[in-house]
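Colleague: Need a 3D model of the sequence below.
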Amino acid sequence: MEQIDEMIQKWTVLQYVLPSISLLLATALSIFLWVYSQNKIHFYQKIQRTEEQNEKELEQKKLATTGIIKSKIVEGKSSVTVHFGQSHISVSVESLRAGINLQPFSFIGDRNITVTLKNDLILVSADFRSLDGTIVAKIVDNEWQINPGNKFDRNYDDNAFEVIDNDLITKFQIDFTDIYNIRIGGSFISNGSLYAFLPSGQSLFLGLKGRPKEELIRITDNIKTLFLYPSETHFGKRREVPDIEFYPALISDFGKKNTGGKIMMVSDTLELKAINFGGEFKNTKQHPLKLSIIRFEIYFNNKLHAQGVVGKEILLASNKKEEWMTPSIYFSDIKKAIPFSDAKKINFRCFITTEYTDINGGNKKLLNVAYSVILTNIGPAYANISK
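Modeller: Below you'll find the predicted structure:
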């Protein structure tokens with residue numbers, strides 16, 4: 001009987017306690033759910049604000065008419081090298097900081113491009129023209145301005161800046177490749193001539209008179225853009241570098257290349273017997289590649305003039321160049337020489353079929369190279385083409 005009374009008492013206590021416990025649990029659960037929901041709301045609001053801010057900044061950059069190029073030059077570096085075409089200027093940072101201006105292109109126009117250093121920031125001032133002489137862009141101390149009446153495109157990130165015109169010609173590019181080096185390239189119009197500075201280090205100087213616009217566009221196509229276009233859909237996105245890059249070359253009676261940045265004048269009366277076509281293949285990867293030259297075709301004025309099966313294998317070390325040239329291609333079967341004035345009238349085209357693999361023979365890929373050559377009195381000019 002006593003046990004029954006004890007059980008009744010315990011049950012009576014539970015009847016009063018259980019509702020209180022349930023209420024506490026329900027309250028705690030409600031508080032937890034409220035806190036969780038508020039945190040979740042704040043989290044998504046923060047994401048939304050971040051996305052809106054990023055979109056706003058991106059849209060501002062796309063629509064901006066001014067902007068700042070940032071450089072990697074920092075305190076403590078003793079010198080910086082500016083590379084343009086075949087010229088390389090090494091200048092101490094202290095000298096630049098003292099107010100020395102670099103004018104590597106002063107010979108092709110008044111204040112065409114000026115590079116200087118102020119407060120440890122590289123400053124660029126320049127103006128650029130299209131083939132008809134219209135100003136495409138003007139940059140003053142890294143503040144760039146574009147003529148809104150022209151059709152243009154431009155792209156940039158923290159370490160590079162680029163302008164192209166409505167013919168897709170790269171007018172100007174500056175790339176701070178590292179804390180010691182600045183590479184400048186582009187095509188410049190001055191005094192009736194085209195001056196092109198290619199990433200390969202080659203410099204081209206061509207008169208505009210009598211040359212069709214399409215021919216000049218093909219030549220400047222060798223100045224590969226740093227970025228993807230149109231910038232509206234590829235803002236700040238760099239162009240992907242291929243596994244192997246090709247740099248055209250030519251050997252003839254007047255020499256292989258215009259080396260050392262010196263202007264080489266060729267007389268129209270000079271006689272040529274043959275030309276060797278080819279160039280340098282550069283492995284851009286961090287591991288070696290095996291390149292096989294399969295065959296080549298040479299066209300003179302759109303007619304097949306020479307061809308051959310090669311079957312040569314070249315080992316390309318990482319970030320290294322290797323050269324391959326065709327045998328001598330003679331102008332006639334009897335190896336008769338022709339005046340340089342006649343050779344200038346010929347449109348030379350070279351097609352090279354290759355394939356490459358990794359060092360063990362795997363991951364085989366085909367690589368077709370095609371370019372045209374125009375002979376000028378100051379050396380050959382090259383243009384990438386399609387067959």
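
Colleague: What is the neighbour count of the closest residue to Asn159 other than its chain neighbours?
Modeller: In space, and not counting its chain neighbours, Asn159 is closest to Phe176: 4.5 Å by C-beta to C-beta, 6 or more residues apart in numbering. In this view, the C-beta of every residue, glycine as well, is placed from N, C-alpha and C. A count of neighbours around Phe176, defined by other C-beta atoms under 10 Å, yields 20.

Colleague: May I have the phi/psi pair for Phe176?
Modeller: phi -80, psi 90 (degrees, to the nearest 10).

Colleague: With only the CA atoms kept, save stretch 188-201 in PDB.
Modeller: Taking C-alpha atoms only, stretch 188-201 is exported to PDB below (Å, rounded to 0.1, in the frame of the first residue of the first chain):
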ATOM      1  CA  PHE A 188      52.200  52.700 -84.000                       C
ATOM      2  CA  ILE A 189      51.400  55.000 -86.900                       C
ATOM      3  CA  SER A 190      53.600  57.900 -87.600                       C
ATOM      4  CA  ASN A 191      54.700  59.900 -90.600                       C
ATOM      5  CA  GLY A 192      53.100  57.500 -93.100                       C
ATOM      6  CA  SER A 193      54.700  54.400 -91.700                       C
ATOM      7  CA  LEU A 194      53.600  51.500 -89.500                       C
ATOM      8  CA  TYR A 195      55.900  50.600 -86.600                       C
ATOM      9  CA  ALA A 196      55.100  47.200 -84.900                       C
ATOM     10  CA  PHE A 197      56.800  45.800 -81.800                       C
ATOM     11  CA  LEU A 198      56.000  42.000 -81.400                       C
ATOM     12  CA  PRO A 199      56.200  39.900 -78.300                       C
ATOM     13  CA  SER A 200      58.800  37.700 -80.000                       C
ATOM     14  CA  GLY A 201      61.200  40.700 -79.900                       C
END
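
Colleague: What average pLDDT does it get?
Modeller: Average pLDDT, stretch 188-201: 75.

Colleague: cool, and stretch 281-298?
Modeller: 93.

Colleague: what's the first-to-last distance across it?
Modeller: 18 Å (C-alpha to C-alpha, to the nearest Å).

Colleague: Now that stretch: buried residues?
Modeller: For stretch 281-298, the neighbour count (16 or more other C-beta atoms under 10 Å) marks Phe281, Lys282, Asn283, Leu289, Lys290, Leu291, Ser292, Ile293, Phe296, Glu297, Ile298 as buried.

Colleague: Among those, name the ones in strands.
Modeller: When the buried residues of stretch 281-298 are checked against strands (DSSP state E), the matches are Phe281, Lys282, Asn283, Leu289, Lys290, Leu291, Ser292, Ile293, Phe296, Glu297, Ile298.

Colleague: Now do the contacts for the last one.
Modeller: For Ile298, the contact set (C-beta atoms under 8 Å, 6 or more residues apart in numbering) comprises Phe277, Leu304, His305, Ala306, Gln307, Thr326, Ile329, Phe348, Arg349, Cys350, Phe351.

Colleague: Not counting residues beside it along the chain, what's closest to the first one?
Modeller: By that I understand Phe277. Closest to Phe277 by C-beta to C-beta, 6+ apart is Cys350, at 4.3 Å.

Colleague: Name the nearest residue to Leu270, ignoring sequence neighbours.
Modeller: Going by C-beta to C-beta, 6+ apart, Leu270 has Phe340 as its nearest residue, at 4.4 Å.

Colleague: Pretty sure that neighbour sits against Glu271.
Modeller: Yes: using C-beta atoms under 8 Å, Phe340 is in contact with Glu271, at 7.1 Å.

Colleague: Between these two, point out the one with more neighbours.
Modeller: A direct count of neighbours by other C-beta under 10 Å for Phe340 and Glu271 places Phe340 higher, at 19 against 14.

Colleague: any idea which strand is longest in this structure?
Modeller: Assignment by DSSP E gives strand 303-316 as the longest strand of the chain.

Colleague: Please name the strands paired to that one in the sheet, noting orientation.
Modeller: strand 289-300 (antiparallel) (DSSP bridges).

Colleague: Tyr195 reaches Leu216, doesn't it?
Modeller: No: contact criterion C-beta under 8 Å: Tyr195 and Leu216 do not qualify, at 11.7 Å.

Colleague: Would you mind writing the CA trace of stretch 165-174 as PDB?
Modeller: Extracted C-alpha coordinates of stretch 165-174, given in PDB (Å, rounded to 0.1, in the frame of the first residue of the first chain):
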ATOM      1  CA  ASP A 165      41.000  49.300 -82.500                       C
ATOM      2  CA  ASN A 166      38.000  48.500 -84.500                       C
ATOM      3  CA  ASP A 167      40.200  46.500 -86.900                       C
ATOM      4  CA  LEU A 168      41.200  44.300 -84.000                       C
ATOM      5  CA  ILE A 169      44.800  45.600 -84.300                       C
ATOM      6  CA  THR A 170      46.700  45.600 -81.000                       C
ATOM      7  CA  LYS A 171      47.500  49.300 -80.700                       C
ATOM      8  CA  PHE A 172      49.300  49.200 -77.300                       C
ATOM      9  CA  GLN A 173      50.000  46.700 -74.500                       C
ATOM     10  CA  ILE A 174      52.100  47.000 -71.400                       C
END
